[in-house]
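Trainee: sequence plus predicted model, see below.
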Amino acid sequence: MALAGRVDLGERRQAALDLLTQYIRIVDDPRRIEEWPALFSDDAEYIVITRENHERNLPIAVIRDDSKDRIADRVTIIREFWGAGGRAADRHYNDAWPRHVVGPVWVEFSESGDALVGANFAVYQSVQVDVAPRLLAVGEYKDVVEFSGATATYKAKKVILDTSVLQDVFVYPL
Amino acid sequence: MPINASRPGGTNSKARPSASRARRPVAPDGLRRIRWPQEDNKIPREIFTDPDLFRIEMDSVFTGPVWVLVGHESEIPQPGDFKTLSIGAIPVIVIRGANGRVGVLVNACAHRGTRLVEGPSGNVLRGGFRCIYHMWTYDTEGRLIAVSLPDDFPAEFRKEDYGLPRARVETYKGAIFATLNDAAPPLLDYLAELTGGLDRVLGDGALRFLGSIKVIFRANWKLYVENIYDGYHVTALHTGFQVVRLRSHGGERLVPNYERNGHLWGRSKSTPVNELTPALRDMSLFDTRTKPTTDHNMMVVFPSGVVTDYFDTIQLRYVIPLDLDRTQIEFAFFGRTTDTDEALWHRVRQGPEVLGPAGAITLEDAAALERVQLSATARGENVVLKGTAKRFPPYRHVDEAPIRHFYHAYRRLLGFPAPDTQKADGR
């Protein structure tokens, strides 16, 4: 592959894995959600869709943040609309603590040098009212990571949910 | 009055398999235990926690003389297309038959009761429904067309006697309604003046299905439904509306034909998007582009159907009680067949982002209802106050008073004593 001569795929692979780790650390920490949009490219999209709709080519997604503006808006919705996890301490609607368990992760490269990153995930959600954590979602990431120098960002992050019924509403990105 | 709603009755039709039941709501211990106050603005919390009552509701409400909203024709456009859901506790298949007509079949093999189809949707035009257990096969009308190895069956066995029970089905502007009770009046009588609101949302019925999202709310089904009647919580709970300074300008909450059924028709006019505080970079969530004004309708077809055209989001909701404290809500989204690509895409981007499980003004309902459910074991009564100075609709858009009419209809179906509508305590 001609690409291999210009870039170090091993480095890119590691950068893509580091980006995923960084992503999980941020979405699992309600105090850090402001850092979430910076993980995405300027023309990125973040989509959460059920396998049912994905496979039937139905466009309705659970979340369709198809621009950087909407990705940034999600933080405003979490903080200002829902008053979750931060400044608006008097308006906690869902005082939930998410926990992602991710793996295995697989990485391929497109002709253009983007990394195509896939991973299995389960997300648990611990809420104040329950003693037991709730299994919130199980599914697969289908991500496209692009590189600018040494920096990796998500060009697309697609979260495909295995069940057509969500087990709970959720606040923080999956 | 064509039907005495407190006495669901009717006889089983011999001409076709029927799931109807000729049963008066019994008043076993589960009902007697519940002390319902004379005032109609008080709701005993036991109705959200009593397991006996839940079982009785599945019969008296969901297989009572009501019409349950189960879908829209555009969800199953081709012959053989089907989707599954439940009417109360009864699993059903909503299917477009080979002849093009919509039917609703009970999703249980007539032989040993096996679930015939597991998935949420599909097409069975070619093979029909074949039970995995003993390979009994039904066509799209629910007729038993094949059984495996029928030798040694009793001589009187006839396939005609083992069709799938069928619900009565009627459609209104493409919306599919089903009833499992022969005593249900014709659909148009049941909907009554609510058709005025349905017309606005459904138009001529030419919708295009965009997909649905289902989610489990951890609350009793009645808490989910009464929340739609409640205009009081809207500004208090949905902080997003405050952040962008979206208000309802006028509007009203109607309870069409309230003496006979408990439908709701909420109408409101919201602040146009260009007058809102631009708290989001992309304010299309709150934009109304496909209608001449920012008038919205939010309706409940008693007992469990929701129909709305909030902003540009055309949505039907199907409310499915799973257990006392768990309710599945399916949010089904639609466009119009006349939409431009741009309008359709706007609906796709807006709908779930506002009125879906991850929607900017939906999550809070789930959180609030879960908290009501959690403390319902505290006994005592929930009370309805705002707007109750008026005895009859129309109410103001910000009133919670319409909740009373939901429970009037509910109490009639279950055979609870009627409230004293002259008394509303607590003021």
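Mentor: Yep, that arrived.
Trainee: residue contacts, residue 71?
Mentor: Since no chain was named, I'll use chain A. Neighbouring residues of A:I71 by Cβ atoms under 8 Å, 6 or more residues apart in numbering or on different chains: A:36-37, A:40, A:44, A:46, A:65. For the C-beta atoms, the positions are set from N, CA and C on the backbone; glycine is no exception.
Trainee: actually it's chain B I care about, not the one you picked
Mentor: Per Cβ under 8 Å, 6+ apart, neighbours of B:G71: B:83, B:85, B:94, B:175-176, B:316, B:318, B:332.
Trainee: from the residues you listed, which is closest to chain A?
Mentor: B:A332 (8.6 Å; Cβ to the nearest Cβ).
Trainee: report pLDDT for the closest one.
Mentor: For B:A332, the model assigns a pLDDT of 98.
Trainee: parallel or antiparallel, list what pairs with the helix or strand harbouring it.
Mentor: Using DSSP states H and E, B:A332 falls within strand B:326-336. Paired strands of strand B:326-336, with direction, are strand B:207-217 (antiparallel), strand B:314-323 (antiparallel) (DSSP bridges).
Trainee: and B:P352, which of these is closest to it?
Mentor: strand B:207-217 (6.0 Å; Cβ to Cβ).
Trainee: quick one: average pLDDT of the closest one?
Mentor: Mean predicted lDDT for strand B:207-217 stands at 97.
Trainee: got it, and stretch B:124-137?
Mentor: Averaged across stretch B:124-137, the pLDDT comes to 95.
Trainee: B:T293 against B:S270, yeah?
Mentor: No - at 9.7 Å, B:T293 does not count as touching B:S270 under the criterion of Cβ atoms under 8 Å.
Trainee: quick one on the thing from earlier: quick one: which of the contacts of A:I71 is nearest chain B?
Mentor: A:D65 (8.2 Å).
Trainee: beta partners for the closest one?
Mentor: The partner residues for A:D65, given DSSP bridges, come to A:Y46.
Trainee: and it, how many neighbours?
Mentor: Using other Cβ atoms under 10 Å in any protein chain shown, A:D65 has 25 neighbouring residues.
Trainee: which SSE is B:T63 in?
Mentor: Short version, using DSSP H and E: B:T63 is in no helix or strand.
Trainee: state the distance from the residue of the stretch 1-150 of chain B found nearest chain A to B:L385.
Mentor: Per Cβ to the nearest Cβ, B:P120 is where the stretch 1-150 of chain B lies closest to chain A, at 5.0 Å. Distance, B:P120 to B:L385, using Cβ to Cβ, to the nearest Å: 40 Å.
Trainee: all helices of the chain, in order?
Mentor: You didn't pick a chain, so chain A it is. For chain A, the helices defined by DSSP state H occupy A:2-6, A:9-27, A:51-55, A:68-76.
Trainee: nope, chain B
Mentor: Applying DSSP H to chain B gives helices spanning B:29-32, B:51-60, B:187-191, B:195-202, B:221-229, B:233-237, B:239-243, B:341-355, B:363-374, B:403-414.
Trainee: adding distance to chain A, mean neighbour count and mean pLDDT, write those out as CSV.
Mentor: Listed next are the helices of chain B as CSV, based on distance: least, Cβ to the nearest Cβ, whole Å; neighbours: other Cβ atoms under 10 Å in any protein chain shown; pLDDT from 0 to 100:
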stretch, distance to chain A, mean neighbour count, mean pLDDT
helix B:29-32, 26, 14, 67
helix B:51-60, 19, 19, 94
helix B:187-191, 27, 19, 95
helix B:195-202, 17, 19, 96
helix B:221-229, 12, 24, 97
helix B:233-237, 8, 16, 87
helix B:239-243, 4, 20, 88
helix B:341-355, 5, 20, 97
helix B:363-374, 4, 20, 91
helix B:403-414, 21, 23, 93
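Trainee: for whichever residue of the stretch 201-350 of chain B sits closest to chain A, which residues are in contact?
Mentor: Of the residues in the stretch 201-350 of chain B, the one nearest chain A is B:G211, at a distance of 2.9 Å by Cβ to the nearest Cβ. Counting by Cβ under 8 Å, 6+ apart, B:G211 makes contact with A:53, A:56, A:58-61, B:332-333.
Trainee: kind regards, and thank you for your time.
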